[in-house]
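**Q** Sequence below, structure please.
(one chain, ligands or ions: 2)
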Amino acid sequence: MVDFPASPYRVPYDGSFRVAKAPTLAETDGDDDDKEALRAAVSRISDLQGRLYAHNRLAVLLIFQAMDAAGKDSTIRAVLSGVNPAGCQVHAFKSPSAEELDHDFLWRTTCRLPERGRIGVFNRSYYEEVLVVRVHPELLAAQSLPGELEPERLWAERYESIRDHERHLARSGLVILKFWLNVSLEEQTRRLLRRIDDPKRNYKFESRDVTEQAHWADYMASYELALRQTSTPWAPWYAIPADDKPKMRRLVAEHIAETLESLHLPYPELPRRSRDELDELRRTLKARLKG
Ligand code: ATP
Ligand code: MG
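**A** Ligands and ions are numbered 1, 2, ... in the order given. A predicted model of the protein is given here:
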């Protein structure tokens with residue numbers, strides 16, 4: 001089992017998590033430079049990604065969930081900058097298509113899990129099925145689910161399916177880290193206003209974000225339940241304070257770097273025979289240089 005970082009932001013596995021107690025602003029330690037710390041963590045991630053690729057036994061899945069404008073996109077960009085693009089796969093999950101709705105709720109993400117040796121990133125994920133769908137249960141009507149719809153049983157079964165799914169994936173060599181970027185209602189409001197006021201940010205503004213904000217309390221209740229039910233020793237959640245973006249990016253990068261380091265990934269060593277073969281091939285190549 002992976003030794004996930006025991007950070008103050010890790011959601012406990014005993015179901016005691018409370019959104020009201022989760023900070024949206026991290027404590028700062030004086031003159032600590034977040035941008036410099038982010039650069040250092042990204043450089044560690046970049047080196048470890050090379051090892052993950054060479055090792056080719058494990059894969060890493062980073063799941064990001066958050067309210068709108070919490071900074072998912074910019075955090076993903078920041079923590080993966082400098083990492084070999086060939087070793088990363090980023091997928092964003094929006095409202096499901098008709099084809100996706102015709103399958104079970106884990107199907108569309110399963111098809112996009114990272115291969116061994118890669119880092120996969122889910123910008124939103126199957127967790128939407130217990131977040132936005134729980135806030136708007138009318139979305140279930142489009143899912144053509146079998147049998148009677150009993151909401152309470154349905155949510156309990158979805159949490160169970162997610163826990164089992166992640167356990168299976170973890171046993172198969174997937175290292176799953178989940179980040180909830182925890183932005184406050186006030187800060188989200190400021191960011192949405194900025195998207196209206198700043199012409200360069202207008203393209204990011206969606207009126208739907210304002211209507212969804214009216215359901216804030218319901219979203220927080222759904223996050224609380226989902227994180228309580230699905231933070232496990234094999235796939236923990238980290239509730240990262242998101243009101244200060246540089247601090248948030250740094251914290252996410254440091255948690256990823258620490259997790260990758262705990263895997264103790266060696267560069268694979270060649271067996272003796274291969275070493276002898278390499279010596280022989282080296283002699284052949286050197287002889288060609290002389291010739
Ligand atoms: P941006 O930062 O650009 O707004 P985004 O991730 O919010 O990025 P959008 O296209 O605005 O992207 O939103 C995607 C929408 O799709 C979200 O409102 C999300 O709740 C919704 N969505 C994702 N998965 C599901 C799902 N399984 N069922 C219903 N809605 C979903
Ligand atoms: Mg959006």
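**Q** List of residues touching stretch 69-77?
**A** 62, 64-66, 90, 121, 123-124, 179, 181-183, 188, 191-192, 195, 204, 209, 242, 245, 248-249, 252 (Cβ atoms under 8 Å, 6 or more residues apart in numbering). Backbone N, C-alpha and C define where each C-beta goes, glycine included.
**Q** just the buried members of those residues?
**A** Buried members of the contacts of stretch 69-77, counted by 16 or more other Cβ atoms under 10 Å: 62, 64-66, 90, 121, 123-124, 179, 181-183, 188, 191-192, 195, 204, 209, 242, 245, 248-249, 252.
**Q** residues from the chain in reach of ligand 1?
**A** 68, 73, 92-96, 123-124, 128-129, 132-133, 139, 206 (Cβ under 6 Å from any ligand atom).
**Q** Among the residues you listed, which one has the most neighbours?
**A** Taking other Cβ atoms under 10 Å to define a neighbour, the member of these with the most is Glu129, carrying 23 neighbours.
**Q** ok, now which ones touch the nearest residue to it once chain neighbours are set aside?
**A** Leaving aside its sequence neighbours, Glu129 sits nearest to Phe105 (Cβ to Cβ, 6 or more residues apart in numbering; 4.5 Å). For Phe105, the contact set (Cβ under 8 Å, 6+ apart) comprises 126, 129, 143, 158, 161.
**Q** Quick check, the second one in contact with Tyr159.
**A** No: in this structure Glu129 lies outside contact range of Tyr159 using Cβ atoms under 8 Å: 10.1 Å.
**Q** From Val183, how far out is Pro236?
**A** Remark: distance between Pro236 and Val183 (Cβ to Cβ, to the nearest Å) = 20 Å.
**Q** can you check Pro246 too?
**A** 14 Å.
**Q** any weak-confidence spans in the protein?
**A** 29-31 (pLDDT under 70).
**Q** Let's check: the centremost residue of it is which one?
**A** Ile63 (2.0 Å; Cα atoms, centre = their mean).
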